[in-house]
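Trainee: Mind looking at a prediction? Sequence and model below.
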There are 2 protein chains.
Amino acid sequence: MLDEKENIQFQLTEHLIERVEHLIANERDKELQLFLDDYHYADIAEILDELNEDQALYIIKLLDSDTTADVLMELDEDIREKVLENLSAKEIAEEIEELDTDDAADMISELSEERQEEVISKIEDEEHKAEIEELLTYDENTAGGLMAKELVKVYETWTVAGCMRRIRGQAEDVTRVHSIYVVDREEKLIGRLSLKDLIVAKSDTKIAEISNSNVDYVNVQDDAEDVAKVMQKYDLEAIPVVDNQQTLLGRITIDDIVDVIKEEAEKDYQLAAGITQDVEADDSILELTKARLPWLFLGLVGGIGAFIIMDFFEEKLHGEAVILFLFTPLIAAMAGNVGVQSSAIIVQGLANDDVKGSINNRLIKEMLLATLNGVILSIVLFLFVYAWQFDVKLALAISVSLVAVVIIAGLVGTFIPLFLDRRDIDPAIATGPFITTSNDIFGIVIYLIISKFILGI
Amino acid sequence: MLDEKENIQFQLTEHLIERVEHLIANERDKELQLFLDDYHYADIAEILDELNEDQALYIIKLLDSDTTADVLMELDEDIREKVLENLSAKEIAEEIEELDTDDAADMISELSEERQEEVISKIEDEEHKAEIEELLTYDENTAGGLMAKELVKVYETWTVAGCMRRIRGQAEDVTRVHSIYVVDREEKLIGRLSLKDLIVAKSDTKIAEISNSNVDYVNVQDDAEDVAKVMQKYDLEAIPVVDNQQTLLGRITIDDIVDVIKEEAEKDYQLAAGITQDVEADDSILELTKARLPWLFLGLVGGIGAFIIMDFFEEKLHGEAVILFLFTPLIAAMAGNVGVQSSAIIVQGLANDDVKGSINNRLIKEMLLATLNGVILSIVLFLFVYAWQFDVKLALAISVSLVAVVIIAGLVGTFIPLFLDRRDIDPAIATGPFITTSNDIFGIVIYLIISKFILGI
């Protein structure tokens, strides 16, 4: 009988952790094994993430390597690193034997080069070893870096019955059969079949007759992000990978793509917030500082720039109109906000391939949009300044500046990511502190020039 | 033979669009059909997105409804709305008949209520109709709103041979067979099988013997985001959906989850940039203004607040130390940047369920981190101000304030999303303008108070 509410989300409670710690402390191995047996490997990994190094290692050594291999793959990278450091090359090789080739290659690539060779030399299954060595040659951000060697392959000349027999053999190594790939005598990909097609077909039918030649595929050198786009667009759950000669090399499954999509989204989000990619809330203070300080430093330099500009104007204004300086945070904030908004829309559009047409059209549209927003905001600001100071000229100077600043900020926010994208630089760096800081400075300069002109000082 | 480079990414060229427009203008239907036959429905949808309403409608009416149904699902929402407006209820019903129940329900739910009833009444397949009507009763952000009724189901009492026979029938309606779900006589979910298990088993084996009772599932009322988390964590490609009585209702596939993950990430990103969710670069200026103006207005109010505070201090300072005001944009920018950084890390951690432990520990960690960053930045600022003005007291006032401001901004950025999350409010609203604006004000107040104190004015 299935347990009703528990299934949706495994709950990692203090109580559960204490229980595991208690069992480890008392070396009650049998009980611990039985207890952990009930959990999915992804849950066990979550438990291990909460334990200390020795405790985690204790469990890894206690459980079967077919479970621990999967657990290891799911662990936080830092914890995995520590656990692997404490395992011998032989022990790591045993875990590797249990993993699919893509996961195996990922795990090995995290080791030092010296250790990599040692571990590989200890892998007993020669075919598995050769496949892993091949995968290690590909860049991790390409199709080759994502693919696994495990797949089900049939030759076009086979019959359905022969095919079923062979598949029974091949399929044992393959966790999930998505598609069966059809190749010719030279191992070139020429079509695909679904298991369903096979089951529905008569047993003496030739594979060539039922194979679907309309098969999507990617090249082993294609960019991981492009593979993600293709698989999403065509709703594919697996895609075969070929080399330049069309030889079938491996396949990529959707679960790996989900990770690519998530990482990409998280990277863009962090860049927009002024965090260099790849940190988590639980990383060390030093790592977080490394990711955050450079952007803050950029902000500091921008702030100093703003100060220098204002200082220059202050001398020119000879102490008149100090009130203008009291509005600079407002002007800077609005310039920053508008810039971040417009750049974010462009960055997201570029990531989704939604941004078509010319840069000019984009800029015209953003100008109209910024003008509309700027005028509405300026009317509010005009009324406030007038009500506060009863000075039409001052109110006019500040609100006219705001319109100009909002428009320029919108244009800068639109142009910079488009410009970077055309130059093949990741436009995501153009959101966040980069845009905010440059727009702060632009904004303050424009504001002070326009105000000085309108006020006639 | 497969075409080598073309496959990875379909290229939507001006030339291609012109060709299609030309064929439409000259009503060369046969040629147009043949031409579009080469393209995947997702590609045809991209072409249609670039055509005008009449042209798009022309193609929809020209092609077979089994293609156009899929094309319609892939269209931009605004274009689809226009196309559907120009189709009769009968024509829409024909498209609906070609779609899986989940897509069918999604498409119908976009119509006006009146139209919905009309279209449903025109669906001829009674079973399909009943299933769609059921799906329309679920909230779109729940498992029920994501699931499809199409699945392959077998009874525990069947044999493998009988099962294969029945599956041949059921599987025709199911695009992809991920798992075969095993139910008891009361239609309650009790296990699962893979096609592979079936193929490998002997034909007289009872299903109950080979069925795997360890089946993940979700409740029909579970939140879509939670379903996404479960499927990602356990690397599932499909998950069955049950009601409170454990009755099997439908299944959710990973491609729908990919959409949920992307939408969620995009929403958070847009919120961080000060854009109310769900706009695209190609939306109208009015829609974009609706999404952007409220946040800008918040920024304006914050800027006015900052002005009022500075004006208050200006009176107190009697014209002394005007130079302090020239540093307010710097202080505000740093407060904003630090706040956005710390809130982004927390928001992302919350989204990934990575943030464990107490709020206090988080705050202590952020305080240490902000202190470290703040001190480094302040040393730079101190040196600059001293070099510029040769005034130790001033340099000290400004740089000590910066440390304080950075720490407070970090704490605010950490605390607010955690606080919102505990109150079940989406913490993502706490990044971007919300944090920037409040930190601008906090920052300026703290800065002026500390400076006034250190300078003794």
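Mentor: That came in fine, so what should we check first? Numbers count the residues shown, from 1 in each chain, chains lettered A, B, ... in the order given.

Trainee: can you give me the strands for the stretch 101-250 of chain A?
Mentor: A:152-155, A:180-183, A:189-193, A:218-219, A:238-242, A:248-253 (DSSP state E, counting those that start in this stretch).

Trainee: Go through these and name the closest to chain B.
Mentor: Chain B lies closest, by CB to the nearest CB, to one member of the strands of the stretch 101-250 of chain A: strand A:218-219, at 5.5 Å. Any C-beta I mention is one placed from the backbone N, CA and C, and that applies to glycine too.

Trainee: circling back to that earlier point, export the strands of the stretch 101-250 of chain A to TSV and append columns for distance to B:V322.
Mentor: TSV is the format used below for the strands of the stretch 101-250 of chain A (distance: least, CB to CB, whole Å):
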stretch	distance to B:V322
strand A:152-155	77
strand A:180-183	74
strand A:189-193	73
strand A:218-219	63
strand A:238-242	65
strand A:248-253	62
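
Trainee: Just the element for the residue lying closest to A:I454 once chain neighbours are set aside, please.
Mentor: Take A:I454 and drop its neighbours on the chain: the residue closest to it by CB to CB, 6 or more residues apart in numbering or on different chains is A:A397, 3.9 Å away. Per DSSP states H and E, A:A397 falls inside helix A:392-422.

Trainee: What's the first helix or strand after that helix?
Mentor: Downstream of helix A:392-422, the next assigned helix or strand under DSSP H and E is helix A:433-455.

Trainee: Which neighbouring elements make contact with that next one?
Mentor: helix A:285-317, helix A:323-326, helix A:328-351, helix A:392-422, helix B:328-351 (3 or more CB pairs under 8 Å, 6 or more residues apart in numbering or on different chains; DSSP states H and E).

Trainee: Turn the ones you listed into a markdown table, including mean neighbour count.
Mentor: Listed next are these as a markdown table, based on neighbours: other CB atoms under 10 Å in any protein chain shown:
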| stretch | mean neighbour count |
| --- | --- |
| helix A:285-317 | 19 |
| helix A:323-326 | 22 |
| helix A:328-351 | 29 |
| helix A:392-422 | 22 |
| helix B:328-351 | 29 |
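
Trainee: Of those, which is nearest A:A104?
Mentor: With respect to A:A104, and counting by CB to CB, the nearest of the helices and strands packed on helix A:433-455 is helix A:285-317 at 27.1 Å.

Trainee: Now do that closest one against helix B:328-351, angle only.
Mentor: Computed by axes from the mean of the first three to the mean of the last three CA atoms, to 10 degrees, the angle separating helix A:285-317 from helix B:328-351 equals 150 degrees.

Trainee: Rounded mean pLDDT for helix A:285-317, please.
Mentor: Average pLDDT, helix A:285-317: 88.

Trainee: Where does pLDDT dip in the stretch 201-350 of chain A?
Mentor: Where the stretch 201-350 of chain A drops to pLDDT under 70, the residues are A:277, A:318-320.

Trainee: circling back: name the helices or strands packed onto the helix holding A:A397?
Mentor: Counting contacts by 3+ CB pairs under 8 Å, 6+ apart, helix A:392-422 is packed against helix A:323-326, helix A:328-351, helix A:359-389, helix A:433-455.

Trainee: Kindly calculate the angle that the longest one makes with helix A:328-351.
Mentor: Computed with the same axes, to 10 degrees, the direction of helix A:359-389 lies at 160 degrees from that of helix A:328-351.

Trainee: circling back to that earlier point, with distance to B:P240 added, can I get the helices and strands packed on helix A:433-455 in a markdown table?
Mentor: A markdown table is the format used below for the helices and strands packed on helix A:433-455 (distance: least, CB to CB, whole Å):
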| stretch | distance to B:P240 |
| --- | --- |
| helix A:285-317 | 41 |
| helix A:323-326 | 63 |
| helix A:328-351 | 33 |
| helix A:392-422 | 42 |
| helix B:328-351 | 25 |
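
Trainee: closest to A:I457 out of the ones you listed?
Mentor: Going by CB to CB, the one of the helices and strands packed on helix A:433-455 nearest A:I457 is helix A:285-317, 5.9 Å.

Trainee: quick one, which of the helices and strands packed on helix A:433-455 is nearest to B:E280?
Mentor: helix A:328-351 (6.4 Å).

Trainee: Now do the closest one: distance to the chain's middle.
Mentor: How far helix A:328-351 lies from its chain's middle: 22 Å, per CA atoms, centre = their mean, to the nearest Å.

Trainee: right, is that helix up against chain B?
Mentor: Yes - using CB under 8 Å from any CB of the partner chain, we find that helix A:328-351 touches chain B at A:328-334, A:336-338, A:340-341, A:343-346, A:348-349.

Trainee: Could you report the separation of the residue nearest to A:I454 from B:E314?
Mentor: A:A397 is 18 Å from B:E314, where distance means CB to CB, to the nearest Å.

Trainee: How about A:K393?
Mentor: Going from A:K393 to B:E314 by CB to CB gives 19 Å.

Trainee: which residues in the stretch 51-200 of chain A form helices?
Mentor: A:53-62, A:65-74, A:77-85, A:89-98, A:101-109, A:113-121, A:126-136, A:143-146, A:160-171, A:195-200 (DSSP state H, counting those that start in this stretch).

Trainee: Tell me which of those helices is the most buried.
Mentor: For the helices of the stretch 51-200 of chain A, the largest average neighbour count (mean count of other CB atoms under 10 Å in any protein chain shown) is found in helix A:143-146, namely a mean of 26.

Trainee: So which elements touch that one?
Mentor: Packing contacts for helix A:143-146, counted by 3+ CB pairs under 8 Å, 6+ apart, involve helix A:224-233, strand A:248-253, helix A:254-272.

Trainee: These: which one's closest to A:L16?
Mentor: helix A:254-272 (26.2 Å).

Trainee: Tell me the predicted confidence for the nearest residue to A:V375 once chain neighbours are set aside.
Mentor: For A:V375, ignoring the flanking residues on the chain, the nearest one in space by CB to CB, 6+ apart is A:V403 at 5.9 Å. Among the per-residue scores, A:V403 shows a pLDDT of 95.

Trainee: Which residues does stretch A:252-265 contact?
Mentor: Residues from elsewhere that reach stretch A:252-265, judged by CB atoms under 8 Å, 6 or more residues apart in numbering or on different chains: A:102, A:143, A:146-148, A:176, A:178, A:218, A:224-225, A:227-228, A:231-232, A:236-239, A:241, A:351, B:232, B:235, B:237, B:254-255, B:257-258, B:261-262, B:265-266, B:269.

Trainee: Wait, A:M147 touches A:R251, no?
Mentor: Yes - when contacts are counted by CB atoms under 8 Å, A:M147 is listed as touching A:R251 (6.1 Å).

Trainee: what about the stretch 351-457 of chain A, any weak spots by pLDDT?
Mentor: Where the stretch 351-457 of chain A drops to pLDDT under 70, the residues are A:356-357.

Trainee: which ones are touching the residue nearest to A:D139 when sequence neighbours are not counted?
Mentor: Closest residue to A:D139 apart from its sequence neighbours, by CB to CB, 6+ apart: A:G145 at 5.5 Å. Residues in contact with A:G145, defined by CB under 8 Å, 6+ apart, are A:135, A:138-139, A:224.

Trainee: are any of those buried, and which?
Mentor: Neighbour-count burial (16 or more other CB atoms under 10 Å in any protein chain shown) is assigned, among the contacts of A:G145, to A:135, A:138, A:224.

Trainee: Format the helices and strands packed on helix A:392-422 as CSV; extra columns: distance to B:Q116.
Mentor: Output for the helices and strands packed on helix A:392-422, formatted as CSV (distance: least, CB to CB, whole Å):
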stretch, distance to B:Q116
helix A:323-326, 56
helix A:328-351, 31
helix A:359-389, 34
helix A:433-455, 44
